[in-house]
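K.L.:
model the following, please.
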Amino acid sequence: QVQLVESGGGLVQAGGSLRLSCAASGIIFSIAAMGWYRQAPGNQRELVAGITSGGSTNYADSVKGRFTISRDNAKNTVYLQMNSLKPEDAAVYYCNADGRMWHSRYYPGNYWGQGTQVTVSS
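P.N.:
This is a model prediction of the structure:
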């Protein structure tokens, strides 16, 4: 059974930073592409960033230069470092596992975490 457990969300002031973590179990993490998505109220879930097993990454234009996705295969964990946060970054952030990177864009797999709330005050 695949489990993805996100952590690290919270309340931060605009311009601040947070680091999200997603611990995975039940998959062969080292060969799995992983991604982060977010969903704000009234909006569709959108891709934030993806990373392949080999470390190739892609980012939504809205977060390029501010967010960094990384992974630690020894810990079966993927991270999302978020800097220079803006009020429009506020959303529930979801971890996704076993996706595909195609034409430099991450497409989601079937496995999702429960989400972690990020709130950014202005």
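K.L.:
which positions in the strand or helix carrying Gly99 come out as buried?
P.N.:
Assigned by DSSP states H and E, Gly99 belongs to strand 91-102. The neighbour-count check on strand 91-102 (16 or more other C-beta atoms under 10 Å) flags Ala91, Val92, Tyr93, Tyr94, Cys95, Asn96, Ala97, Asp98, Gly99, Met101 as buried. To be clear about C-beta, it is placed using only N, CA and C from the backbone, and glycine gets the same treatment.
K.L.:
what's the closest non-adjacent residue to the one residue sitting closest to the centre of the chain?
P.N.:
In the chain, the C-alpha nearest the mean C-alpha coordinate belongs to Trp36, at 2.3 Å (C-alpha atoms, centre = their mean). Using C-beta to C-beta, 6 or more residues apart in numbering and skipping the chain neighbours, the partner closest in space to Trp36 is Val48 (4.3 Å).
K.L.:
quick check: Ala60 touching Gly50?
P.N.:
No: in this structure, Ala60 is not within contact of Gly50 by C-beta atoms under 8 Å, at 9.6 Å.
K.L.:
compare the two (neighbour count), which wins?
P.N.:
More crowded of Ala60 and Gly50, by other C-beta atoms under 10 Å: Gly50, with 26 against 17.
K.L.:
how much space between the more buried one and Gln13?
P.N.:
Distance, Gly50 to Gln13, using C-beta to C-beta, to the nearest Å: 28 Å.
K.L.:
repeat for Gln114
P.N.:
25 Å.
K.L.:
quick one on the thing from earlier: direction included, what does the strand holding Gly99 pair against?
P.N.:
strand 33-39 (antiparallel), strand 105-107 (antiparallel), strand 111-112 (antiparallel), strand 116-121 (antiparallel) (DSSP bridges).
K.L.:
which of those strands sits most buried?
P.N.:
Each of these was scored by mean neighbour count; the highest is strand 33-39, a mean of 24, by mean count of other C-beta atoms under 10 Å.
K.L.:
list the contacts of it.
P.N.:
20, 22, 24, 45-53, 69, 71, 78, 80, 89, 91-101, 106, 108-109, 115, 118 (C-beta atoms under 8 Å, 6 or more residues apart in numbering).
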